[in-house]
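> have a look; sequence and predicted model below, questions after that.
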Amino acid sequence: MSAGEADGQVQESQLKHDAESSVKRNPHGDFGKVQASRPDWDNGRSWHFTKTRNTEWTYGSGATVKSDAPHVSIDPYGEGRLPVQNYKLLISGIIPRPIGFLSTRAKDGTSTNLSPFSYTQMFNHDPPIFCVGFSGGFDNEKDTLRNLRESGECVINMISEDFVEAANASAIDLPYGVSEWAVSGLTPAECEVVKCSRVKESVFAVEGKLVSTQEFESKNPNTPGKKTAVLAIIEGVRFWVREDAVNEDRTLIDPAVLRPVARLGGITYSRVVDGFEITRPVLEDEKKAGKIGDDLLKQKADGQ
């Protein structure tokens with residue numbers, strides 16, 4: 001590595017550090033002290049089903065819990081409102097979010113990257129389509145996006161309770177070329193279609209091929225034209241699921257084994273430890289059962 005390349009990597013690492021510091025995700029002065037005051041992790045809480053909130057709900061009843069508290073309107077581009085304020089609001093309101101733990105490899109194989117992204121979601125099953133959002137434009141792209149764009153490949157690994165600390169460690173602001181695998185202690189495993197590794201500890205993982213990218217510009221009046229994000233559309237080309245987590249016909253993953261971790265706002269995460277089931281209603285069946293009457297089947301009107 002040349003001196004110029006080394007200096008560039010140091011500057012890149014500093015930019016990442018500065019960006020994270022400006023967000024101020026941690027609302028606590030001394031998080032270690034706050035953490036110590038909380039109860040221990042409850043290993044006794046395991047996946048189980050509950051009833052729905054209101055098993056006596058009837059059509060037309062509306063919300064089970066009602067509130068008269070007023071709402072406030074927020075203009076995302078209002079005078080004096082900063083983009084980071086929108087960021088904090090959105091990540092605390094659009095929850096819970098799945099975390100795409102992306103593993104990538106440079107096109108020439110000289111470098112790898114492993115990093116979590118909570119701007120991740122599935123959008124289709126045939127073909128399997130996923131989207132991942134990256135902050136910053138191509139002129140300031142994250143290591144994962146650089147590898148994904150140049151190699152056209154990645155693995156989307158889902159994060160479970162068993163390695164959440166290791167996954168979080170991989171988000172540290174390492175310079176390009178320094179291994180997150182080593183820092184996290186997680187195990188790389190071979191894939192069948194793509195060249196980058198999957199995370200062996202991940203109960204469910206998807207090998208992916210890049211379909212396209214879309215870069216976005218700021219609409220904030222203070223930063224017109226600034227490149228702020230890149231959306232990557234990824235096609236799933238191979239699934240990996242731990243044998244003890246999937247049913248016999250390979251169509252259902254047991255949440256009790258997957259034990260997924262979801263992203264909330266700030267530095268907050270959540271466990272998925274209980275669930276409920278509710279069937280999708282079919283109009284004719286509901287009418288025959290006398291659960292919905294013609295008095296509720298009204299033509300659409302303004303405001304409804």
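Arrived safely, thanks for sending.
> nearest the middle, which residue of this protein would you pick?
What sits nearest the mean C-alpha location of the chain, by C-alpha atoms, centre = their mean, is residue 118, with 2.5 Å.
> with adjacent residues omitted, what lies nearest to that residue?
Counting by C-beta to C-beta, 6 or more residues apart in numbering, residue 118 lies nearest to residue 263, which is 3.8 Å off, once chain neighbours are set aside. Every residue, glycine included, has its C-beta placed from N, CA and C.
> and the gap between the one you found and residue 183?
20 Å (C-beta to C-beta, to the nearest Å).
> looking at these two, which is more packed in?
Neighbours per residue (other C-beta atoms under 10 Å) separate residue 263 from residue 183, with residue 263 holding more: 22 against 15.
> and that one, what is it in contact with?
The contact partners of residue 263, by C-beta atoms under 8 Å, 6 or more residues apart in numbering, come to 91, 95, 96, 97, 98, 99, 118, 269, 270.
> what about the fourth one, neighbour count?
Spelled out, that is residue 97. By other C-beta under 10 Å, 17 other residues sit near residue 97.
> I'd guessed it sits against residue 120; true?
Yes - judged on C-beta atoms under 8 Å, residue 97 makes contact with residue 120 at a distance of 7.4 Å.
> where does pLDDT dip in this structure?
Confidence mapping of the chain against pLDDT under 70 gives the ranges 1-22, 302-304.
> again, only using 90
Residue ranges of the chain with pLDDT under 90: 1-35, 38, 41, 44-46, 110-111, 142, 173-178, 222-224, 298-304.
> which residues of it fall in strands?
Residue ranges of the strands in the chain, as given by DSSP state E, are 48-49, 100-105, 112-117, 120-125, 128-135, 153-158, 188-189, 198-199, 204-217, 227-241, 261-263, 269-271, 274-275.
> okay, now the sheet partners of the last one, with direction.
For strand 274-275, sheet partners with direction are given as strand 48-49 (parallel), following DSSP bridges.
> likewise the third one?
Sheet partners assigned to strand 112-117 using DSSP bridges are listed as strand 100-105 (antiparallel).
> how about the fourth one?
Using DSSP bridges, the strands paired with strand 120-125 in its sheet are strand 128-135 (antiparallel).
> ok, residues contacting stretch 290-304?
By C-beta under 8 Å, 6+ apart, stretch 290-304 touches 58, 59, 60, 283, 286, 287.
> count of neighbours near the third one?
Read it as residue 60. Neighbours of residue 60 (other C-beta under 10 Å): 9.
> from residue 52, how far out is it?
According to C-beta to C-beta, residue 60 stands 17 Å off from residue 52.
> ok, now the last one?
Distance of residue 287 to residue 52, given as C-beta to C-beta: 21 Å.
> test my guess that residue 83 contacts residue 219.
No - using C-beta under 8 Å as the test, residue 83 is too far from residue 219 to be in contact (9.4 Å).
> those two: which is more packed in?
residue 83 (16 against 13).
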